[in-house]
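Chemist: No sequence on hand, only this structure:
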């Protein structure tokens, strides 16, 4: 589905379906023998959404015909699950560290099917603001409420498109811009044009007093490199063509069709210029720290940078 300036989506459509794909990876990790993270709600969301391309990562095993034709594919899929598990652990720990330092308001931008407001041990008095498309937030809340699940923090849904005036909506929902906040930007930036990325950080900065914190999954070097993009696109086209030839019931998702491949400023550099104390770790190093190193093959995991910063 081509992107447009004011496109919207339900949880099973366009960008929304990618949240289900991430939930599938979290479900696989949670159900593994030695999980790095535990997200008991990931499988709940998949069951509620039904069958679709998002179940690709959650499939118990690949058809033998695909493995025979693409022997590296199981390694790539396992590596992507490892990436998602490491990413989840990074943001979980970042939020909890901020609350240990006394921060009591957390903002999850493009919350998707993130379930931190339900599964993390938030200190009393913590408010979690979740921002995303109205239909996405409604799916998540209604699915969990029907089961009788309760958030572990004071949860405030802010249904808003991040390309619109979300700071006004956030403050109207109760966010206090005079007190420190902790922010997450996870699984979001490739879906934004470069100018929208700059605007996003300008708005976060304007709402952040000293002591505020932010964690970002940022595109790394080579994100907009046409050679890298073409190699990855060709690989994905092979997978999709093979799935079609074998008449598989599940289509293989190509998330890159939804991304904006534009040159953009390095996130760490932007934050440093604006007075934040910044740390950056490449995805491969982060995964290795968590005992989930990427497979030893090309393009085994995204070349992301994980940025954490505190405003001075």
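Modeler: Looks like it came in fine. Remember, it's a predicted structure, so these values are computed and weren't measured experimentally.

Chemist: Show me what counts as buried in the host helix or strand of residue 91.
Modeler: Residue 91 belongs to helix 73-100 when assigned by DSSP states H and E. By 16 or more other Cβ atoms under 10 Å, the buried positions in helix 73-100 come out as 73, 76-92, 94-96, 98-99. From N, CA and C alone the C-beta is placed, and that goes for glycine too.

Chemist: Tell me how far that helix lies from the chain's centre.
Modeler: Distance of helix 73-100 from the chain centroid (Cα atoms, centre = their mean, to the nearest Å) equals 10 Å.

Chemist: name the helices or strands packed onto that helix?
Modeler: In terms of contacts (3 or more Cβ pairs under 8 Å, 6 or more residues apart in numbering; DSSP states H and E), helix 73-100 is packed against helix 14-30, helix 64-69, strand 105-109, helix 116-119, strand 182-185, strand 213-218, helix 283-289, strand 305-311.

Chemist: Tell me which residue lies nearest the centroid of the protein.
Modeler: residue 187 (2.9 Å; Cα atoms, centre = their mean).

Chemist: Could you check how far that one is from residue 217?
Modeler: Noted for residue 187: a distance of 6 Å to residue 217, by Cβ to Cβ, to the nearest Å.

Chemist: Repeat that for residue 97.
Modeler: Taken as Cβ to Cβ, the span from residue 97 to residue 217 is 17 Å.

Chemist: Let me see the mean pLDDT of the helix or strand hosting residue 43.
Modeler: Secondary structure from DSSP H and E places residue 43 in helix 42-49. The average of the pLDDT scores along helix 42-49 is 91.

Chemist: by how many degrees do it and helix 14-30 diverge?
Modeler: Interaxial angle, helix 42-49 versus helix 14-30 (axes from the mean of the first three to the mean of the last three Cα atoms, to 10 degrees): 140 degrees.

Chemist: Counting neighbours, which bits of helix 42-49 end up buried?
Modeler: The neighbour-count check on helix 42-49 (16+ other Cβ under 10 Å) flags 42, 43, 44, 45, 46, 48, 49 as buried.

Chemist: Let me know the closest of those residues to residue 305.
Modeler: residue 42 (24.8 Å; Cβ to Cβ).

Chemist: Alright, that wraps it up for me.
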